[in-house]
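Novice: coords please:
(one chain, ligands or ions: 1)
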Amino acid sequence: MGKQRVLSGVQPTGNLHIGNYLGAIRNWVEGQKEYDNFFCVVDLHAITVPHNPATLATDTYTIAALYLACGIDLNYSTIFVQSHIPAHSELTWFLNCITPLNWLTDMIQFKEKAIKQGENVGAGLLDYPVLMAADILLYNADKVPVGEDQKQHLELTRDIAVRFNHQFGQGETILKLPDPLIRKEGARVMSLTDGTSKMSKSDPSELSRINLLDPPDVITKKIKRCKTDPVKGLEFDNPERPECNNLLTLYELFSGKTKEEVITECQDMGWGKFKPLLTETTIEALTPIQTKYKEVMDDKGYLESVLAEGRQKAGAIANQTLEKVKKALGYSVSI
Ligand code: TYM
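Specialist: Numbers count the residues shown, from 1 in each chain. As a prediction, this is how the structure comes out:
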């Protein structure tokens with residue numbers, strides 16, 4: 001039996017932060033030898049909220065370069081850009097026509113983002129999860145490694161696939177049901193300024209997140225100013241101390257130590273001692289990524305060739321699924 005397939009993606013909206021890295025990309029890298037991997041830059045999703053046309057292309061390259069810088073290895077993985085493959089938009093249309101509207105209005109992320117948009121909320125934002133379902137289903141993905149916030153979208157993807165197969169499969173599985181791959185540690189990295197809310201690209205405060213490309217002095221400043229509490233000693237999993245749990249988890253993940261090792265090392269520490277330790281560990285973990293990122297960005301030709309190859313490989317698989325879907329729907333198909 002061949003390897004199982006993995007598909008995941010990140011939007012080219014703003015800077016990637018350590019939540020995106022620890023919740024998603026790090027897990028892609030760690031599991032990549034085990035799977036046949038497809039990682040896309042989801043630039044069609046990026047325009048579901050107001051975007052800047054002047055930076056979209058550069059932001060897309062930045063994310064692709066960061067995938068490579070974080071350790072995505074082309075021997076095991078394919079990197080591509082969502083908008084390069086028209087099958088994503090096309091399958092979205094087909095799936096739209098079988099997705100009940102109330103499934104979409106029930107999505108937590110839609111509700112949260114729609115509130116922020118007010119009256120300007122576009123139909124694309126409502127449709128965001130159907131496009132995501134198309135991304136996944138086109139590749140017959142077995143596993144989708146994401147952060148905790150995407151769990152509901154994965155459930156919707158499965159529901160859409162079940163509905164499609166039931167309505168049009170005639171007993172055959174046309175669209176494969178994917179499983180989410182959500183690692184407990186890092187699945188929900190919290191804001192540095194409020195341990196009860198998720199670290200997010202859209203938080204207006206830069207101090208709330210550490211970006212993968214933040215230089216050491218910025219990381220130092222952000223950790224120095226991050227929210228803590230007046231309790232003595234440090235501990236995991238105390239619901240009264242969300243900031244403490246979040247910062248210790250960051251230390252655990254960036255240091256590569258086990259939770260037990262972190263408890264032994266840090267339980268008697270005060271913030272004055274812990275913050276510099278976390279700062280140094282974070283900088284040490286991010287520096288190699290930043291160095292590699294610069295190398296990749298300096299060689300635009302290489303990056304373009306990676307994406308061109310990705311487009312070919314991913315496009316071939318996506319088109320096959322699209323043809324199967326069209327045939328099942330009753331369209332006359334050319335292959
Ligand atoms: P995006 O760009 O918003 O997020 C990218 C990934 O980062 C994870 N993430 C977090 N993980 C832990 N803590 C956080 N604070 C945090 N913030 C974000 C997200 O869960 C995600 O895994 N809808 C997807 C993009 C997408 C996609 C797909 C993913 C489009 N098509 C197909 C998988 C498969 C998203 O959230 O992007």
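
Novice: residues in contact with whatever residue of the stretch 201-335 of the chain ends up closest to the ligand?
Specialist: Per CB to the nearest ligand atom, Lys201 is where the stretch 201-335 of the chain lies closest to the ligand, at 6.8 Å. All C-beta atoms are positioned from the backbone trio N, CA, C, and that covers glycine. Residues touching Lys201, when contacts are defined by CB atoms under 8 Å, 6 or more residues apart in numbering, comprise Thr13, Gly14, Asn15, Leu16, His17, Asn20, Arg209.

Novice: got the contact list for the residue lying closest to the last one once chain neighbours are set aside?
Specialist: Read it as Arg209. The shortest distance from Arg209 to any non-neighbouring residue, by CB to CB, 6 or more residues apart in numbering, is to His17 (4.2 Å). Contact analysis of His17 by CB under 8 Å, 6+ apart lists Val189, Met199, Ser200, Lys201, Arg209, Ile210, Asn211, Leu212.

Novice: again with Leu138
Specialist: With contacts defined as CB under 8 Å, 6+ apart, the neighbours of Leu138 are Ala87, His88, Leu91, Ile317, Ala318, Thr321, Leu322.

Novice: Hmm, Ile136 and the third one touching each other?
Specialist: Translated: Leu91. No. In terms of CB atoms under 8 Å, Leu91 does not count as a neighbour of Ile136; the distance is 10.1 Å.

Novice: Those two: who's more crowded?
Specialist: Taking neighbours as other CB atoms under 10 Å, Leu91 and Ile136 compare with Ile136 leading, 27 against 24.

Novice: Now do the same for the more buried one: its pLDDT.
Specialist: Reading off the per-residue confidence, Ile136 sits at a pLDDT of 98.

Novice: what subset of the contacts of Leu138 is also close to the ligand?
Specialist: When CB under 6 Å from any ligand atom is applied, no member of the contacts of Leu138 is adjacent to the ligand.

Novice: Just the buried residues of those residues.
Specialist: Neighbour-count burial within the contacts of Leu138 applies to Ala87, His88, Leu91, Ile317, Ala318, Thr321, Leu322; the criterion is 16 or more other CB atoms under 10 Å.

Novice: Next, Lys184: secondary structure please.
Specialist: What DSSP: H, G, I helix; E, B strand; the rest coil gives for Lys184 is coil.

Novice: can you check Gly9 too?
Specialist: Reduced to three states with three-state DSSP, the structure at Gly9 is strand.

Novice: List the residues that contact Gly2.
Specialist: Remark: with contacts taken as CB under 8 Å, 6+ apart, Gly2 is in contact with Asp36.

Novice: how near is it to the ligand?
Specialist: In this structure, Gly2 and the ligand are 21 Å apart, going by CB to the nearest ligand atom, to the nearest Å.

Novice: Kindly report the same for Asn15.
Specialist: The spacing between Asn15 and the ligand, counted by CB to the nearest ligand atom, is 11 Å.

Novice: and the nearest residue to that residue once chain neighbours are set aside, how many neighbours?
Specialist: With CB to CB, 6+ apart as the measure, Asn211 is the residue that lies nearest to Asn15, at 4.0 Å, once sequence neighbours are left out. Burial measure for Asn211: 19 neighbouring residues, criterion other CB under 10 Å.

Novice: you'd agree Asn211 is up against Tyr21?
Specialist: No. The pair Asn211 and Tyr21 fails to qualify as a contact (CB under 8 Å) at a distance of 9.6 Å.

Novice: where are the low-confidence patches of this structure?
Specialist: Filtered on pLDDT under 70, the chain yields the residue ranges 333-335.

Novice: All the strands of it, in order from the start?
Specialist: Remark: strands assigned in the chain by DSSP state E are 5-10, 36-41, 77-81, 143-145, 179-181.

Novice: got TSV for these, with distance to Phe274 and mean neighbour count too?
Specialist: Supplementary listing: the strands of the chain in TSV, determined by distance: least, CB to CB, whole Å; neighbours: other CB atoms under 10 Å:
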stretch	distance to Phe274	mean neighbour count
strand 5-10	30	23
strand 36-41	34	25
strand 77-81	36	23
strand 143-145	30	23
strand 179-181	31	17
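
Novice: Out of those, which gets nearest to the ligand?
Specialist: Relative to the ligand, the nearest member of those by CB to the nearest ligand atom is strand 5-10, separated by 4.0 Å.

Novice: for the closest one, packing partners?
Specialist: Contact partners of strand 5-10 among helices and strands, from 3 or more CB pairs under 8 Å, 6 or more residues apart in numbering; DSSP states H and E: helix 26-31, strand 36-41, helix 123-137, strand 143-145.
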